[in-house]
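1. Here is a sequence together with a model predicted from it:
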Amino acid sequence: MNVGVISVQGAVPEHLLMSQLALDELGKKGQAIAVRRLDELRSVDCLIIPGGESTTISKLLRKFQLFDEIVDMGRNGTPIMGTCAGCVLLAKKGGEQAEKTGTELLSLMDMAVDRNAFGRQRESFEASLTVNGLESPFPGIFIRAPLITKVWGDCQVLSRHQGEAVMARQDNLLALSFHPELTTDPRMHQLLFSLV
Ligand code: GLN
């Protein structure tokens, strides 16, 4: 299995390491590769869009001519996991902040997000999350995280923090407002692989 990590900006090395760890732990043959070119993108079985800065990542996806191909792959069933800024990019609606910055979204998931929803004083924190389908809580690391403010259609909320949605799934697509690559818990990456 080839796991691709979009590698234009953001938490790339951490996702590469965690993907390899998650594969090894499952005893699955495969490799995690940094994706910056179209031929690299086309070679992967599943894809991770990391956290970082969603406006910057969006612009760079255009610049590197990856944007439209990611949309096609997402629509055609390739499993994609977006974390934090990646979660923002997967949404159909980015809220006021995305509009203000003119951030072009991939618009793959039936959900609306609010960027930097936790505001300044609580920009970063950790919280133990109950996740549908996981037997024990997942350590959620939130860094200037977005919230999922609304889901519709086939999009379903898989986890909430204090009543607010922080993880959603729509068929082959996973959106997490937190950073699983900064933990030692490979289960989110393994969930992505299980969709391949
Ligand atoms: N606040 C960032 C954004 O909206 C996301 C932060 C992150 O990915 N850690 O782009």
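-> Ah, there it is. All values derive from a computational prediction rather than experimental measurement.

2. any chance you could map the helices in the protein?
-> For the chain, applying DSSP state H gives helices covering 12-26, 38-42, 54-63, 67-75, 85-90, 95-100, 187-194.

3. Next, the buried residues of the fifth one.
-> When you say that, I think you mean helix 85-90. Taking 16 or more other Cβ atoms under 10 Å as the basis for neighbour counts, the residues of helix 85-90 that come out buried are 85-90. For every residue, glycine as well, the C-beta is placed using N, CA and C.

4. Is the ligand within reach of it?
-> Yes - counting by Cβ under 6 Å from any ligand atom, the ligand is contacted by helix 85-90 at 85, 88.

5. Equivalent analysis for the longest one, please.
-> No - counting by Cβ under 6 Å from any ligand atom, the ligand is not contacted by helix 12-26; separation bottoms out at 11.3 Å.

6. nearest to E69, of the buried residues of helix 85-90?
-> When those are compared for distance to E69 (Cβ to Cβ), L89 wins out at 14.0 Å.

7. Does that closest one touch K59 like I think?
-> No - L89 is beyond contact range of K59, at 11.2 Å (criterion: Cβ atoms under 8 Å).

8. what's the span of stretch 49-66 from first residue to last?
-> Taking Cα to Cα, to the nearest Å, the first and last residues of stretch 49-66 lie 12 Å apart.
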